[in-house]
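Visitor: My questions concern the predicted model and sequence given below.
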Amino acid sequence: MIGPQGENIGVVSIEEANRIAREADLDLVEVAPNADPPVCRVMDFGKFIYERTKKEREARKAQTKIEIKEIRLRPKTNEHHRALKVRDARRWLEDGMKVKVRIRFRGREITYPEIALEDLKAVAEDLSDIAVVEQAPALEGRTMLMVLAPGKQAKKKDKEKEKEKEAVTR
């Protein structure tokens with residue numbers, strides 16, 4: 001048994017443990033039921049539950065949700081239009097988001113998947129300074145997909161942005 005101040009009381013009977021908890025005006029909580037003998041603790045159970053939920057809430061806030069953005073192209077997409085899409089993808093990658101590049105085939109375009117593969121490789125090459133290919137180009141039905149994730153440089157920029165925000169809030 002563990003006492004109200006966290007001290008180790010030792011092995012006591014259930015009646016004795018209940019008496020100690022009543023005298024301290026606290027609850028007797030079984031902490032480790034599988035131990036031999038089971039370990040109990042004298043504590044304020046309501047306060048314990050409150051603090052645990054508070055910690056869980058803080059942990060959820062600290063989690064970062066990874067957002068996936070998508071750019072859609074076609075095998076006939078010209079260089080200028082692809083450059084605009086790549087510029088958007090660069091901005092998203094710098095913000096720490098993943099980017100899914102999708103090339104959609106229509107009609108008989110599906111017979112020339114190598115054209116789409118070249119386009120995807122060109123996009124990956126353009127963004128190679130800030131992104132890594134997380135999922136290699138793969139044909140799924142009438143689309144060819146590739147997923148890019150922020151690289152090491154983008155993560156460093158994210159940390160710098162966070163430090164700037166903290167400096168501004170102080």
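Guide: Good, I have the coordinates.
Visitor: what domains does the record give for this structure?
Guide: Listed domain ranges for the chain are 14-62, 68-158 (source: automatic domain parsing).
Visitor: Deepest-packed of those domains, please.
Guide: Scoring the domains of the chain by mean neighbour count under mean count of other Cβ atoms under 10 Å gives domain 68-158 as the most buried, with a mean of 16. For the C-beta atoms, the positions are set from N, CA and C on the backbone; glycine is no exception.
Visitor: what is the mean pLDDT for that domain?
Guide: Averaged across domain 68-158, pLDDT comes to 89.
Visitor: and it, how far from the chain's centre?
Guide: Put simply, domain 68-158 sits 22 Å off its chain's centre (Cα atoms, centre = their mean, to the nearest Å).
Visitor: what does stretch 51-58 give?
Guide: 18 Å.
Visitor: coming back round to it: export the domains of the chain as TSV, with columns for distance to Asn8.
Guide: TSV is the format used below for these (distance: least, Cβ to Cβ, whole Å):
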stretch	distance to Asn8
domain 14-62	10
domain 68-158	45
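Visitor: Nearest approach to Met1 belongs to which of the ones you listed?
Guide: domain 14-62 (5.1 Å; Cβ to Cβ).
Visitor: So for that closest one, mean pLDDT?
Guide: On average, domain 14-62 scores 89.
Visitor: ok, what's across the strand from Ile71?
Guide: Partner residues in beta bridges with Ile71, using DSSP bridges, are Val101.
Visitor: I'd assumed Leu84 was in contact with it.
Guide: No - using Cβ atoms under 8 Å as the test, Ile71 is too far from Leu84 to be in contact (9.4 Å).
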